[in-house]
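Novice: predicted structure and sequence below. I'll ask about it afterward.
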Amino acid sequence: MKTKQAEIQQSLDTAQDVATPEGGNTPEWKPEISPELLGMDNQGQVEQVDDDGTIKLPKTQVEQAEALATEIGGFLAMTLQGVTGRDYNLNESKIKDAAKGIAPCLVKYGLTDMGLIMSKWGVEFQAAISAGGLAFGIWSAHRKYKAEDEAAELEATAKREGVASGNQSE
């Protein structure tokens with residue numbers, strides 16, 4: 001007599017494999033992946049072509065973050081020099097050195113794409129720029145008025161000293 005289990009025909013559809021600790025991949029199976037694919041970290045970037053027709057490989061996240069930090073650092077350096085009228089010797093190599101130190105932090109927090117940053121915090125940046133412009137205007141006016149007050153006080157002091165000594169010039 002045949003047992004019930006023997007009567008059931010096993011098909012490939014109903015057969016179940018025993019799960020392996022490697023997640024179903026046997027150690028001898030290794031997919032062949034080219035070094036170009038292994039080294040790519042382009043986050044959906046499109047290939048760029050130079051003017052001479054050579055194809056640039058997409059930047060890694062760290063390279064992209066370094067470029068972004070360099071652009072932001074250059075902007076801040078120019079703005080600072082323009083606002084204060086002083087040269088702080090913030091040349092391109094110093095900005096690039098700082099960008100190399102800042103880039104890993106940008107990558108850690110996913111801040112490697114300016115479009116993404118602006119879509120998330122664009123209005124906050126606009127508010128900060130507007131408030132900064134207002135504060136700078138007030139600060140500049142305060143410095144001007146303070147200098148005018150000091151000049152007037154020096155002039156008044158000089159006149160009093162001239163009157164007290166009996167020497168009047170004018």
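Specialist: Yes, it's here. Numbering: from 1, shown residues only.
Novice: give me the packing partners of the host helix or strand of Arg143, helices and strands only.
Specialist: Using DSSP states H and E, Arg143 maps to helix 114-164. Judged by 3 or more Cβ pairs under 8 Å, 6 or more residues apart in numbering; DSSP states H and E, helix 114-164 is in contact with helix 61-84. Bear in mind the C-beta positions are built from the backbone N, C-alpha and C, glycine included.
Novice: compute the inter-axis angle for the helix or strand just after the helix it packs on and helix 114-164.
Specialist: Of the helices and strands lying after helix 61-84 in sequence (DSSP H and E), the nearest is helix 92-108. If you take axes from the mean of the first three to the mean of the last three Cα atoms, to 10 degrees, helix 92-108 sits at 130 degrees to helix 114-164.
Novice: contacts for helix 92-108 next, please.
Specialist: 61-62, 65-70, 73-74, 77, 112 (Cβ atoms under 8 Å, 6 or more residues apart in numbering).
Novice: got the angle for that helix vs helix 61-84?
Specialist: On the basis of the same axes, to 10 degrees, helix 92-108 is oriented at 130 degrees to helix 61-84.
Novice: quick one: buried residues of helix 92-108?
Specialist: By 16 or more other Cβ atoms under 10 Å, the buried positions in helix 92-108 come out as 95, 99, 102-103, 106-107.
Novice: want to throw these into CSV with distance to Ser140?
Specialist: Converted to CSV, the buried residues of helix 92-108 look like this (distance: Cβ to Cβ, whole Å):
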residue, distance to Ser140
Ile95, 26
Ala99, 30
Ile102, 30
Ala103, 34
Leu106, 32
Val107, 38
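Novice: between these, which is nearest Lys146?
Specialist: Ile95 (33.0 Å; Cβ to Cβ).
Novice: and the closest one, how close does it get to Lys108?
Specialist: In this view, Ile95 and Lys108 are 21 Å apart by Cβ to Cβ, to the nearest Å.
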